[in-house]
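**Q** Task: produce atomic coordinates for the following.
(one chain, ligands or ions: 1)
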Amino acid sequence: MEHGSILLHGARVTLRDFQSDDVDAVHAFASDPVVTQWSTWGPNTLADTQAFIADAAAEAGTPGRTKFTLAAVFQGRLVGTAGVWTTSAADRNGEMGYTLAREVWGMGLATETAALLLDLAFGPMRLVRVEATCHPENAGSVRVLEKNCFAFEGRLREHRLVDGHRRDSLLFAALLSDRARDQPPSDRALSGRVPDKLAAGSTAPLP
Ligand SMILES: CC(C)(COP(=O)(O)OP(=O)(O)OC[C@H]1O[C@@H](n2cnc3c(N)ncnc32)[C@H](O)[C@@H]1OP(=O)(O)O)[C@@H](O)C(=O)NCCC(=O)NCCS
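**A** Numbering: from 1, shown residues only. Sure thing, here's the model as predicted:
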C-alpha cells in the first residue's frame, strides 16, 4: 500500500488510508458492542477486523479508485473509520458512513469527519449527491448528518437484514447544489496525494 496516499486535514481530525498495523486500534472499537449497536456489522471478531484492514489496503492501491475507507486520526491516535464510495459513476452518486471509538464521542469529531468526507466527495470524487442511511434510533448519527446539511428523504422500510431480522433505515442525502460552491471550507484541506479528479468515468464538466 502507498502510505499516506489520501490525507484530509480538518481542524482536529485527519483522515488517511489504513496501514496493516492499524488492526489493534480498529479492533479496540470495532469489537465494542455499544459502538456497533446500530451498525449492519459487528461487533467484530479479530478475523473480521483483519479482513476489513486487508480490504481497505487493497482498495487504497487500486488505480482510479472510487471507494475510500479511511482511518480517522485525532491527536495522533486512530479513533475511527470513515468511508465514502461512488454508487453510480454515471449519476455521480455516492454514499458515506463513519464510526468513532466511544471515548471520543460527544466532542464534535464525527461532525468534522463527515464534513471531510463531503469535501472528498464533492471535490476530487466529483459526486453531486451523497447518501447516508442510519438506524431510526441512532439519534447521534442523525444529528451529525443534519449538522452537515443532509436532508431527510424518507424511511426505507425493511431496508437491512441484520442478525436474521429485517429493519428500517432512515435515508438522508447531501447535494452539491446545496453547498456554497465559491466558499471553500476555511478549516479543512485536502492534501497529500489526493489527485484533482479521482472518480473513473466522471470526466465531464460539472453541470
Ligand atoms: C454517531 C456517532 C458517529 C456520533 O459521533 P460524535 O463524535 O459523538 O458526534 P458529534 O460529537 O460530532 O455530535 C454531533 C451532534 O450529535 C449529538 N449527539 C451525539 N451523540 C448523540 C446521541 N447518542 N444522542 C443524541 N444526540 C447525540 C451531539 O450532541 C451533537 O449535536 P449538537 O452539536 O447539536 O449538540 C458516534 O456515536 C458513533 O460512532 N456511533 C457508532 C457508529 C455509528 O452509529 N455510526 C453511524 C452509522 S449511520
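**Q** tell me which residues form a beta bridge with residue 81?
**A** Beta-bridge partners for residue 81, by DSSP bridges, are residue 71, residue 99.
**Q** That one against residue 71, yeah?
**A** Yes. Proximity of residue 81 to residue 71 meets the contact threshold set by CB atoms under 8 Å, at 6.5 Å. The way it works is simple: take the backbone N, C-alpha and C, and place the C-beta from them, glycine included.
**Q** more crowded one of these two?
**A** residue 81 (24 against 21; other CB atoms under 10 Å).
**Q** contacting residues around the more buried one?
**A** When contacts are counted by CB atoms under 8 Å, 6 or more residues apart in numbering, residue 81 touches 26, 30, 69-72, 98-99.
**Q** ChimeraX command to pick out the buried ones of those residues?
**A** Typed into ChimeraX, the line below selects the buried ones among the contacts of residue 81, using 16 or more other CB atoms under 10 Å:
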select :26,30,69,70,71,72,98,99
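**Q** What is the nearest of the contacts of residue 81 to residue 19?
**A** Each of those was checked against residue 19 using CB to CB; the closest is residue 71, at 7.9 Å.
**Q** Which ones among the contacts of residue 81 also lie next to the ligand?
**A** When contact is defined as CB under 6 Å from any ligand atom, the contacts of residue 81 meet the ligand at 98-99.
**Q** Determine which two of the contacts of residue 81 are furthest apart.
**A** Taking CB to CB, the two most distant members of these are 30 and 70; they sit 14.5 Å apart.
**Q** Correct me if wrong: residue 23 contacts residue 50.
**A** Yes. Counting by CB under 8 Å, residue 50 is a contact partner of residue 23 at 5.7 Å.
**Q** Could you pull out the strands in the chain for me?
**A** Counting by DSSP state E, the segments of the chain that form strands are 7-9, 13-17, 67-74, 77-88, 93-100, 129-134, 151-162, 165-175, 189-191.
**Q** weakest of those strands by average pLDDT?
**A** Note on the strands of the chain: lowest mean pLDDT is at strand 189-191, with a mean of 59.
**Q** Spatially central residue in the protein, please.
**A** Nearest residue to the geometric centre of the chain (CA atoms, centre = their mean): residue 83, 2.6 Å.
**Q** Let's see the pLDDT reported for the residue of the chain positioned farthest from its centre.
**A** In the chain, residue 164 marks the outermost C-alpha relative to the chain mean, sitting 25.6 Å out by CA atoms, centre = their mean. pLDDT recorded at residue 164 is 94.
**Q** Residue 182 too?
**A** Confidence score, pLDDT, at residue 182: 43.
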